[in-house]
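Peer 1: prediction below, plus the sequence it came from.
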Amino acid sequence: MQAPREYHSFAEMRQALAGRLDRADRPRLFDRLDWMEALHRHCFPDIPLRMLSVSAAQGDAWMFLLAPAPSRLRALANYYSFAWAPIFTGAVDAATQQQMLTAIARHLRARCSRIDLYPIEDGAALSAALRRAGWWTVRRAMGGRHLLPLRGRDFAAYWADRPGRLRNLVRRKGRGSPFALSIHDQLTPRLWDDYVDVQARSWQGPEPARGTAFLRALAERESAAGTLRLGFARAQGRAVATQLWTIEAGVALIHKLAHDRAFDAQSPGTLLSHAMFTQAIDRDGATLIDYGTGDNDYKADWMEQRLPLYRIDAFNPRSPASWLPAARAAISALVG
């Protein structure tokens, strides 16, 4: 196994990867170099990068991190990220993965006092590798994702399994609805303006400027690939609800949704969801729908599984400055 290598720009990383984290190589959106690069460019442009790799005969391990302070690292991820994890290319078995992660963790321990990693789907193996390398680690559950495995169902069968209150709501609000519903797989400037207009009037509040730029880059990239699904509900021609999804390899991801608060009583967002789920299941052939991070109550009506997410806080015992934060994190994990 070779010694870990560091990269501090995406130009270096792209050259080293030689296409291995491109769309054709990675079925999962969040494991692609394009995703990481856009996230850094739009959301963290002022925070230095520390990207690491280690190679073995079977393949390579890659880890994408930010350095918000000279001796502190965190995952290159935020609220747009459904998950973060080290990425393996090639055919690397579990034992070799552990050796690779331990090598990276030892490398980082020589020059870093703290690492914060979130959102992680499991993290037990990563936490074990950090401990083996001499880090103190605290792994704790923090939030979750809501999933819908279709298991061969069409939309009618799925809908029959929904709670009665949701089915009744859609039936009542859909009867004589004033909304025109549409779903687009190609982005245009007009459609993006409509998306931003709804977001500005949303119950969630306007999207931060950097977030809007990131989401537009995502929508443009996925539109070019044919995987974008951008939905709208319109009243008298003006968009009053919107949803941004992508679907690829049978997996539909719900990235963002918003509706105009002035139309709450008429439930345009719920009616649009009904249309988006219908298309994803019956026309796009989704086998899994992922509602992303967050435990909002409404997600449970549409989805059937909750996947817990974890946070790992790693502390370098060689650094006295990390002792008190380590104790606080351990206590926080114990008390929940």
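Peer 2: Received it, and whenever you're ready, just let me know what you need.

Peer 1: helix/strand/coil for the residue lying farthest from the centre of the chain?
Peer 2: What lies farthest from the middle of the chain is residue 176; by Cα atoms, centre = their mean that is 36.4 Å. Following DSSP: H, G, I helix; E, B strand; the rest coil, we place residue 176 in the coil state.

Peer 1: make 27 the first number, not 1, from now on.
Peer 2: Taking 27 as the first residue, the last one we looked at is residue 202.

Peer 1: after the helix or strand where residue 324 lies comes which helix or strand?
Peer 2: Assigned by DSSP states H and E, residue 324 falls within helix 323-328. Moving toward the C-terminus from helix 323-328, the next helix or strand (DSSP H and E) is strand 331-341.

Peer 1: list the contacts of that next one.
Peer 2: 109, 131, 139-149, 152-153, 156, 161-175, 319, 321, 326, 348-349, 351-352, 355 (Cβ atoms under 8 Å, 6 or more residues apart in numbering). The way it works is simple: take the backbone N, C-alpha and C, and place the C-beta from them, glycine included.

Peer 1: quick one: mean pLDDT over that strand.
Peer 2: Mean pLDDT, strand 331-341: 96.

Peer 1: that strand: partners in the sheet, and parallel or antiparallel?
Peer 2: Strand pairing for strand 331-341, using DSSP bridges, gives strand 140-146 (antiparallel), strand 162-175 (antiparallel).

Peer 1: how far does it sit from its chain's centre?
Peer 2: Distance of strand 331-341 from the chain centroid (Cα atoms, centre = their mean, to the nearest Å) equals 13 Å.

Peer 1: buried set for it?
Peer 2: For strand 331-341, burial by neighbour count (16 or more other Cβ atoms under 10 Å) applies to 335-341.

Peer 1: circling back: for ChimeraX, what selects the buried ones among the contacts of strand 331-341?
Peer 2: Buried residues among the contacts of strand 331-341 (16+ other Cβ under 10 Å), as a ChimeraX selection:
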select :109,131,139,140,141,142,143,144,145,146,149,152,153,156,161,162,163,164,165,166,170,171,172,173,174,319,348,351,352,355
